[in-house]
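> Provide a 3D model corresponding to the input given below.
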Amino acid sequence: MRHDTKRRACSYINPFFSSPLTPYFHAMPVTDTNILQLLKCIDLEEKEQVARYSLDQQHTLKSLKAEGLALHPIIVTKKNFGYADYPEISFRLPFPPEANMFKDGAAIECFCTGEEPVKGVLLNLDGKAGEFRLFAPDFPDWIEDNGVGIKLAPDQRTTSIMKQALNKLEANKPLYELFQYLHGNTSIPIEQAAEQNSTLTFSNSRLNESQQVAVNAITQNKLICIVHGPPGTGKTTTLIEAIHQLVKKDEKVLVSAPSNTAVDNIAKGLLLKGMNILRVGNATKTDEAIFSHTPEGKLSNSKQQKEIKQLKIRAEEFRKMALKYKRSFGKAEREQRNLLFKEVKNIRTEIKKIQAYNEEKLFTEASVILGTPIGLHDAGIGHLHFKTLVIDEAGQSIEPLAWTIFPLADKYVLAGDHFQLPPTVLSNEAAKLGFNKSILETAIGTVQHVHLLNVQYRMKESIAGFSSKYFYDGLLKTAGHLGNTGTHITFIDTAGSGFNEMQGKDGMSLQNAGELQVVQKIIETEKLDPAVTAFISPYSGQVAAAKEILAKQMRISTIDSFQGQEKEIIILSLVRSNDDGDIGFLKDYRRMNVAVTRAKEQLFIIGDSATIGADNFYNAFLTYIEQQGTYRTVWEFEL
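Numbering: from 1, shown residues only. Okay, the predicted model is just below:
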């Protein structure tokens, strides 16, 4: 038994969308209280970003690094002029960072002590390696100096696009009607649900019944439907089949997700079906197979590309002339340098016009266009008519981001799981007003046509069991071949051991050194293979400490960064251990839902039952492990 002293305690025909985007509304003053609140939240988030991302006396480089808001130092490995002739930099880091805030497409600043920072965008970050683009005529003189780094910057461009979309919403009658419906302020006449006896011929014969029902619902959707996909239930597989079926019905489909990874996963699946797709947005890190289906890839050998190449050569000549004027120069030289860089800027504009002209045919021909919301916005496809918009990872998309692309289509499919982690929001005040409520979480309360994928193919039954019971009303079943073959879930209780939480060296995040000792002992006694094992924790301080002592080949991550991933074996360190029963943001039970559904074969949880057990959720979790797994105490280990 546990050693704990405190425990025991829709369908709708939409006639208004004759013009899909209607972007030419003259925005009237906003009156809707929900829209006004979202606009207020955007302002609060923007202010918080400015405050948090500043590098000043109050926010030192050390504190920014500790909060995962800066990567420093970086080692430049490659420089080239990429898209539209912007400078692009490849870099590596001395060690894998805890950088879940550094998403693809994040606004960044490249900095070096004593120099003026340069704005840019993060193209990708994968482990120790990454790439970013600078919004500058050339590389800074100091780019390869010691002490160069990048930090997050306020994403004023994205917030501006979101504000613009919200300000236009009331003027677009059908879209505003949908907005009010999703917020429970009006009822839309809902037709009877379509017959579920599908007449579809599925191209994927391995779909289970719930997946087939979801595909059938998507093809018969009249306005909006939801595909609820808990962990491991084949949500992407289902969406790929549904998109294939829509295209067979001669629909033009738009696909989006907040992350490039999710977009690419669907793109790969559609390509395997031989579909005519166009992947827009950041193409720097896409697979070779996907790259040939991006505008850059499709135009790489065209006559226009040769013209662009000549323009880039001209731009390089102007740049070289400008670079003759180094850091110390007078007024006349400065003016001359500025004129030369102005020519570089003009050439860039010309390149963009050529690219846009040639991309137009590609946009028209493609059956499916895919990209992140901002990537789709930048592609300039507002004049095209899409029948269906599919948003994957809708549980990770803040609501205003979704409204930037809703005007592009007639019908909507939201896919995701609102019982996993919500979108990341910096401003506590904005979060209190609901800004971290995703478009999926907003819609799930009112949309009638919600289709649960109810068979999971990832985990052993006992690993999935608690989440199924607590989050999914016991409806989530496990595929037959994943039945229990022994013990697959173990809790190691540190109650009474003195393994207390403590502030990390940075003073920002909690650590628990005692739990890390247990981790090492588990790896040793259970003879765990680091290559198939991952260590996860809710606290970045514990992750940082783990990286110093655990095997380098082991994946070590916060829970938030590990969402969407899986490993054969997961070791979860809960960290919290104190006399007050304070569990901090372990209170967001969705974080635990993510944490306990990453393991395929073995899940080890280390925690203090005396601290977490006073909470009803964790009390139920500990009881479940006693019934379905193995309950051990730290005293069993020689530490």
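> Give me the residue at the spatial middle of this structure.
residue 259 (4.3 Å; C-alpha atoms, centre = their mean).
> Would you mind measuring from that residue to residue 374?
As defined by C-beta to C-beta, to the nearest Å, residue 259 lies at a distance of 12 Å from residue 374. For glycine as for every other residue, the C-beta is placed from the backbone atoms N, C-alpha and C.
> Quick check: which element contains the closest residue to residue 265 other than its chain neighbours?
Among residues not flanking residue 265 along the chain, residue 236 sits closest, at 5.4 Å (C-beta to C-beta, 6 or more residues apart in numbering). For residue 236, the element it lies in under DSSP states H and E is helix 235-248.
> So which elements touch that helix?
helix 209-220, strand 224-228, strand 253-256, helix 260-272, strand 386-391, strand 409-416 (3 or more C-beta pairs under 8 Å, 6 or more residues apart in numbering; DSSP states H and E).
> Can you name the residues in contact with the fifth one?
Yep, that's strand 386-391 we're talking about. When contacts are defined by C-beta atoms under 8 Å, 6 or more residues apart in numbering, strand 386-391 is touched by residues 20, 218, 221, 239, 242-243, 246, 251-257, 266, 369, 397, 402, 405-406, 408-416, 439.
> Now the worst-scoring helix or strand of the chain on mean pLDDT: buried residues?
When the helices and strands of the chain are scored by mean pLDDT, DSSP states H and E, helix 303-322 comes last with a mean of 76. Within helix 303-322, the residues that count as buried by 16 or more other C-beta atoms under 10 Å are 305, 308, 311-312, 315, 318-319, 321-322.
> can I get the CA coordinates of it in CSV?
Taking Å, rounded to 0.1, in the frame of the first residue of the first chain, the C-alpha atoms of helix 303-322 are listed here in CSV:
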residue,chain,number,x,y,z
LYS,A,303,12.1,30.0,-67.1
GLN,A,304,10.9,32.4,-64.4
GLN,A,305,13.3,30.8,-61.8
LYS,A,306,16.2,31.7,-64.2
GLU,A,307,14.9,35.3,-64.3
ILE,A,308,14.8,35.3,-60.4
LYS,A,309,18.3,33.9,-60.3
GLN,A,310,19.5,36.8,-62.5
LEU,A,311,17.8,39.3,-60.2
LYS,A,312,19.5,37.7,-57.1
ILE,A,313,22.9,38.1,-58.9
ARG,A,314,22.1,41.8,-59.3
ALA,A,315,21.1,42.1,-55.7
GLU,A,316,24.3,40.4,-54.7
GLU,A,317,26.3,43.0,-56.7
PHE,A,318,24.5,45.9,-55.0
ARG,A,319,25.1,44.2,-51.6
LYS,A,320,28.9,43.9,-52.3
MET,A,321,29.0,47.5,-53.3
ALA,A,322,27.2,48.5,-50.1
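> starting at the chain centroid, how far to it?
36 Å (C-alpha atoms, centre = their mean, to the nearest Å).
> For that helix, name the packing helices and strands.
On a contact count with 3+ C-beta pairs under 8 Å, 6+ apart, helix 303-322 meets strand 75-81, helix 331-365.
> Which of those sits closest to residue 39?
helix 331-365 (30.1 Å; C-beta to C-beta).
> buried residues in that closest one?
Of all the residues in helix 331-365, those buried under the rule 16+ other C-beta under 10 Å are 337, 340-341, 343-344, 347-348, 350-351, 354-355, 358-359, 362-363.
> swap in stretch 231-242?
Under 16+ other C-beta under 10 Å, the buried positions of stretch 231-242 are 231-242.
> What of stretch 208-215?
Result for stretch 208-215 [16+ other C-beta under 10 Å]: buried residues 208, 210-215.
> For those, could you give me JSON lines that also reports pLDDT and distance to residue 289?
Listed next are the buried residues of stretch 208-215 as JSON lines, based on pLDDT from 0 to 100; distance: C-beta to C-beta, whole Å:
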{"residue": "208", "pLDDT": "97", "distance to residue 289": "28"}
{"residue": "210", "pLDDT": "98", "distance to residue 289": "30"}
{"residue": "211", "pLDDT": "98", "distance to residue 289": "25"}
{"residue": "212", "pLDDT": "97", "distance to residue 289": "28"}
{"residue": "213", "pLDDT": "96", "distance to residue 289": "31"}
{"residue": "214", "pLDDT": "97", "distance to residue 289": "27"}
{"residue": "215", "pLDDT": "97", "distance to residue 289": "24"}
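> Adding distance to residue 589, write those residues out as JSON lines.
Listed next are the buried residues of stretch 208-215 as JSON lines, based on distance: C-beta to C-beta, whole Å:
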{"residue": "208", "distance to residue 589": "27"}
{"residue": "210", "distance to residue 589": "24"}
{"residue": "211", "distance to residue 589": "27"}
{"residue": "212", "distance to residue 589": "31"}
{"residue": "213", "distance to residue 589": "28"}
{"residue": "214", "distance to residue 589": "26"}
{"residue": "215", "distance to residue 589": "31"}
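> Which one of these is nearest to residue 459?
Using C-beta to C-beta, the buried residues of stretch 208-215 come closest to residue 459 at residue 208, 16.1 Å.
> which strand residues sit across from the nearest residue to the closest one once chain neighbours are set aside in the sheet?
Once flanking residues are discounted, residue 208 sits nearest to residue 455: 5.0 Å by C-beta to C-beta, 6+ apart. Following DSSP bridges, residue 455 is listed with bridge partners residue 477.
> What residues are bridge-paired with residue 121?
Applying DSSP bridges, one finds that residue 121 bridges with residue 107, residue 133.
> Just the pLDDT for it.
You'll see residue 121 listed with a pLDDT of 92.
> hang on, the earlier thing: tell me which of the helices and strands packed on helix 235-248 lies nearest to residue 524.
helix 260-272 (33.8 Å).
> Give the buried residues for that closest one.
Neighbour-count burial for helix 260-272 [16+ other C-beta under 10 Å]: 260-271.
> ok, of those residues, which one's closest to residue 473?
Closest to residue 473 out of these is residue 262 (26.1 Å), distances taken as C-beta to C-beta.
> Now for the closest one: which residues touch it?
Taking C-beta under 8 Å, 6+ apart, we find residue 262 in contact with 236, 392-393, 564.
> want to try JSON lines for those, with distance to residue 276 and pLDDT as columns?
Listed next are the contacts of residue 262 as JSON lines, based on distance: C-beta to C-beta, whole Å; pLDDT from 0 to 100:
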{"residue": "236", "distance to residue 276": "19", "pLDDT": "97"}
{"residue": "392", "distance to residue 276": "20", "pLDDT": "98"}
{"residue": "393", "distance to residue 276": "24", "pLDDT": "97"}
{"residue": "564", "distance to residue 276": "27", "pLDDT": "88"}
